[in-house]
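1. Build me a model:
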Amino acid sequence: MNSLKNNIFIITVLFILLGVVFFGQSSNILIDFSREIAVPFQMLDGKSLFKDIFLIYGFWGYFVNFLLLKIYPNILNMLILSNVLSLLNVIILYFIFKKYSTNTCALLFSLAFIFCSVFSCATFSFVIPYSYSVLWAYFSAYLLLFSILYEKNCLIFISLSLLSVTRIELFLPLFLISVVYLIIKKQKVGLNFLFIFLFPIIFLGYILLNKISYSDILYNFSFIKKMLIAPSLSYLYKGMGVFFNYEYFIYNIKNLFLYSLIFLSTYFIYKKINIYFSFALFFILMLFCDVIFVLNLAVFILIVLFLISLIKKKATYFDYVLFLFSLVLSLKSIFALNIWSYGNFSFILVIFNIYLLLNKFMDKSYLNKHFLIFFILLSFMNLKNLYFDSKTLYKIENNFIYIKNNDYNSFVNLDKYIKNNLKENENLIVLPEGQIFNILNKKTWDFYNSTFTPLDFQTFGDEFFISQLKNNKTDYIVFYPRDTRDYGYKNICKDYAVDFCRYIRDNYRRIDDLKEFNIEIYKINYEK
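-> Residues are numbered from 1 along each chain as shown. Okay, here's the model as predicted:
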């Protein structure tokens, strides 16, 4: 018990230390984070999901942030929430690891999760999530796994209930796994199953209170269907290396082959020649190996190892549970577990699963030292990148968030212009992704969509945006130099949204430029 308490204490202290050092610094606020804070502020302004706001992700993340803003309307409380949820994720995972291994091993994997994943230098971070719904979804999924392993039937249904209002694509397979578990283990459910309706009832209550109709929901989903088949989305995913990008897959195969060669050769030296020489050689060779990309085929490695354990008849009941959870939580990145994107949320469970399966076939002492070296190198790489990235960031005064140095001057100057030139009752939009300016300057956002990226224009079409502008009479429109080439189209008005921009230039007058920063400012022409 003392060891358990000590490890939880170590995890918490290290998490808080990193949280204080890197608070608000591990993401790009002009991209996903800008949307995540804008939607709850729109809800605070009286707008409803589905009816007034296009909902891409689950309901729960936005609803909780809306409640937080009702208490204290500041970005700070949302950042604190994501940090608290992230710490709870680590502690839950510690208990999952402990169920399968020793306290020391569970501590190692938990710390690796903190150093490599939670405080990631990538956009897909836990502490500044690109989507709060994703953060809540993985929290509820890990809580569900914990509940199954420790046979907490009531908590199983609460976890599933929470998952149902966050990410439905994770809920459906994990619900089936949970049902099979309850049948196989002959668990007495009783009235516990009623807890599965807890969060859907809250969701239904929100719909009824806001008079959201069935047609509003269908309307929302009609655009989601268009978004899913939009060329920009395929291009974006291809750039992340997910969904079977051929070139990326081949690159990963090469890295996997190199790493396997290092792993097996040093294991041979460990068994036949000298233990210390083996680890020294492994450490040196790994310094020249692309550690990050070794992980990108971790799901593939897991599948192969699990099949081998089945053939060898070494797979236990717990192996099945852990394997299925690892697969489901990695659905977004199968065969390319890119830890700079979606894979960041699930890779530690996959790696732990691999570790357990390798224990069935290899020397445990070698594996422990091997994984320790691997995690040290991976943690060092991530924290080094995070540290140097933090040195290129500047704090936005009084808001606990930071902006990259290449955007800082343009960001601050535009923000100053808005504060000095716009009247209190005037509103604006900053294109293609600039809701953060609305939040900082308390300007309303009267659009159904959250952003104006190439993906949005392929989903809604120029005419949709033009009709919105006609209806809401936005006072100011600002073109901010955000490069959107990750969607396959670099510049708004040139590479996409041409008709929409033509309408703006016909009905708005260009009143100012911040030429040094390539910013154009338009004001509505009421005479037309």
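2. which stretches of this protein have low pLDDT?
-> Applying pLDDT under 70 to the chain picks out residues 1, 26-27, 242-244, 290-293, 335-336, 397-399, 526-528.
3. Outline the domain layout of it.
-> Per automatic domain parsing, the structural domains of the chain span 1-229, 239-378, 401-524.
4. Select, out of these, the one closest to Lys395.
-> Nearest of the domains of the chain to Lys395, taken as Cβ to Cβ: domain 401-524 at 5.3 Å. Quick note: C-beta positions are derived from backbone N, CA and C, even for glycine.
5. Relative to Asp389, how far out is Gln25?
-> 7 Å (Cβ to Cβ, to the nearest Å).
6. Is Phe124 in a helix, a strand, or coil?
-> Three-state assignment for Phe124 (DSSP: H, G, I helix; E, B strand; the rest coil): coil.
7. Got phi/psi on it?
-> For Phe124, the backbone dihedrals (degrees, to the nearest 10) come out as phi -80, psi 70.
8. burial of it, as a residue count?
-> Phe124 has 23 neighbours, counted by other Cβ atoms under 10 Å.
9. which residues does it contact?
-> Listed by Cβ atoms under 8 Å, 6 or more residues apart in numbering, the contact partners of Phe124 are 130, 340-342, 344-345.
10. Excluding residues flanking it in the chain, which one is nearest it?
-> Of all residues not flanking Phe124 in the chain, Asn344 sits nearest, at 4.5 Å (Cβ to Cβ, 6 or more residues apart in numbering).
11. How about the contacts made by Ile401?
-> By Cβ under 8 Å, 6+ apart, the contact set of Ile401 is 24, 29, 33, 75, 79, 395.
12. Was I right to think the last one contacts Tyr402?
-> Yes - with contacts counted by Cβ atoms under 8 Å, Lys395 reaches Tyr402, the gap being 5.3 Å.
13. Comparing the two, which residue is more hemmed in?
-> The neighbour count for Lys395 versus Tyr402, taken as other Cβ under 10 Å, is higher for Tyr402 (23 against 13).
14. Next, that one: secondary structure please.
-> Put simply, Tyr402 is strand when judged by three-state DSSP.
15. rewinding a little: output the contacts of Phe124 as JSON lines; include the columns secondary structure and distance to Ala497.
-> Shown next, in JSON lines, are these (DSSP: H, G, I helix; E, B strand; the rest coil; distance: Cβ to Cβ, whole Å):
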{"residue": "Tyr130", "secondary structure": "coil", "distance to Ala497": "23"}
{"residue": "Trp340", "secondary structure": "coil", "distance to Ala497": "28"}
{"residue": "Ser341", "secondary structure": "coil", "distance to Ala497": "26"}
{"residue": "Tyr342", "secondary structure": "helix", "distance to Ala497": "27"}
{"residue": "Asn344", "secondary structure": "helix", "distance to Ala497": "31"}
{"residue": "Phe345", "secondary structure": "helix", "distance to Ala497": "32"}
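16. Which residue, other than its chain neighbours, is closest to Leu372?
-> Distances taken as Cβ to Cβ, 6+ apart place Leu108 nearest to Leu372, at 6.5 Å, with adjacent residues excluded.
17. give me the number of residues near that neighbour?
-> The number of residues packed near Leu108 is 20, by other Cβ under 10 Å.
18. Going forward, count from 18.
-> Noted, 18 is the first residue going forward, which turns the last one into Leu125.
19. In contact with it, which residues?
-> By Cβ under 8 Å, 6+ apart, the neighbours of Leu125 are 388-389, 392.
20. Using neighbour counts, give me the buried entries of the residues you listed.
-> Among these, those buried by neighbour count (16 or more other Cβ atoms under 10 Å) are 388, 392.
21. Which one of the contacts of Leu125 is nearest to Leu245?
-> Nearest to Leu245 out of those is Phe392 (Cβ to Cβ; 36.0 Å).
22. Quick check: the closest one touching Ser127?
-> No - using Cβ under 8 Å as the test, Phe392 is too far from Ser127 to be in contact (10.7 Å).
23. hang on, the earlier thing: output the contacts of Phe141 as CSV; include the columns distance to Leu431 and neighbour count.
-> Output for these, formatted as CSV (distance: Cβ to Cβ, whole Å; neighbours: other Cβ atoms under 10 Å):
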residue, distance to Leu431, neighbour count
Tyr147, 23, 21
Trp357, 29, 18
Ser358, 29, 21
Tyr359, 32, 22
Asn361, 31, 25
Phe362, 33, 27
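24. Please identify which of these is nearest to Leu457.
-> Taking Cβ to Cβ as the measure, Leu457 sits nearest to Tyr147 out of these, at 19.7 Å.
25. pretty sure that closest one contacts Thr140?
-> Yes - Tyr147 lies in contact with Thr140 (Cβ under 8 Å); the separation is 5.6 Å.
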